[in-house]
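Peer 1: Mind looking at a prediction? Sequence and model below.
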Amino acid sequence: MLSKKIQLGLVKQLNRELESSLLYLSMGSWVERKGYDGICEFLYDHSNEERMHMLKLIRYLNRRGGEVTLDKILIENITYPSLKELFLKLFEHEKKISDEINLLVEISLREKDFFTYNFLQWYVEEQTEEEAVSKMILDKIELIGEDKGGLYFFDKDMKNFHKNKKF
Ligand code: FEO
């Protein structure tokens, strides 16, 4: 049986994953309108991954006799001054998620819930990857700067990013 603290923490986390999925969906839609087909695919795929992260938590909660509640999450249709600003927001968002996962791991240890501790290791690994990917993308955008040709090829490369990732 899950303790109250673990129950609360897992529900909070699954709603954060839902929020991430919606945020990346909205970002994908923004870049699609700007004509960046590859980056748009990356963000739509990323949004699907976040939904999968949420589902994994829902299934775990149900398996352990917990209770799932979904928040009403509204994502404003944000516009970004530039691609760099968009990926900066994405990177900051992922760092926040990592902090929350770390906190959840800490709580699972304090509560001596080693099942949940073990379950969360997948998320720890995933966050290491997601932070590294978003930082790598930011670095590339920084490098490309105002070079339109560079941006064109970067957009092309991003199309199959999730299919080609080696992490
Ligand atoms: Fe599921 Fe990007 O955190």
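Peer 2: On my side now, so go ahead. Numbering: from 1, shown residues only.
Peer 1: Could you use CA atoms for every contact and neighbour count after this?
Peer 2: Will do.
Peer 1: Leaving out chain neighbours, which residue sits closest to whichever residue of the chain sits closest to the ligand?
Peer 2: Relative to the ligand, the nearest point of the chain is Glu50 (4.7 Å; Cα to the nearest ligand atom). The shortest distance from Glu50 to any non-neighbouring residue, by Cα to Cα, 6 or more residues apart in numbering, is to Ser21 (4.9 Å).
Peer 1: hang on, isn't the one you found packed against His46?
Peer 2: Yes - counting by Cα atoms under 8 Å, Ser21 does reach His46; the two are 7.4 Å apart.
Peer 1: ok, how many other residues are close to the residue lying closest to Leu151 once chain neighbours are set aside?
Peer 2: Residue nearest to Leu151 in three dimensions, not counting chain neighbours: Ile144, with 6.5 Å by Cα to Cα, 6+ apart. The local packing of Ile144 (other Cα atoms under 10 Å) involves 15 other residues.
Peer 1: Quick check on Ile144: phi, psi?
Peer 2: With angles defined as degrees, to the nearest 10, Ile144 sits at phi -70, psi -40.
Peer 1: Do I have it right that it meets Gly150?
Peer 2: Yes - counting by Cα under 8 Å, Ile144 does reach Gly150; the two are 5.7 Å apart.
Peer 1: could you pull out the helices for this structure?
Peer 2: For the chain, the helices defined by DSSP state H occupy 4-34, 37-63, 83-110, 114-144, 148-158, 161-164.
Peer 1: Which pLDDT value goes with Phe167?
Peer 2: Looking at Phe167, its pLDDT is 40.
Peer 1: same thing with Ile78?
Peer 2: Per-residue pLDDT puts Ile78 at 80.
Peer 1: Write out the residues of this structure neighbouring the ligand.
Peer 2: Contact residues (Cα under 6 Å from any ligand atom) of the chain with the ligand: 17, 50, 53, 94, 97, 130.
Peer 1: Quick check: closest non-adjacent residue to the fourth one.
Peer 2: Sequence neighbours aside, Glu131 is the residue nearest to Glu94 in space, at 6.1 Å (criterion: Cα to Cα, 6+ apart).
Peer 1: ok, now Ile107?
Peer 2: Setting aside the residues directly before and after it, Ile107 is nearest to Ile6 in space (Cα to Cα, 6+ apart), at 7.1 Å.
Peer 1: Please name the residues that touch that neighbour.
Peer 2: By Cα atoms under 8 Å, 6 or more residues apart in numbering, Ile6 lies in contact with 104, 107-108, 111.
Peer 1: thinking again about what came up before, pretty sure the residue nearest to Glu94 is touching Phe91, no?
Peer 2: Yes - here Glu131 reaches Phe91: they are 6.6 Å apart, a contact under Cα under 8 Å.
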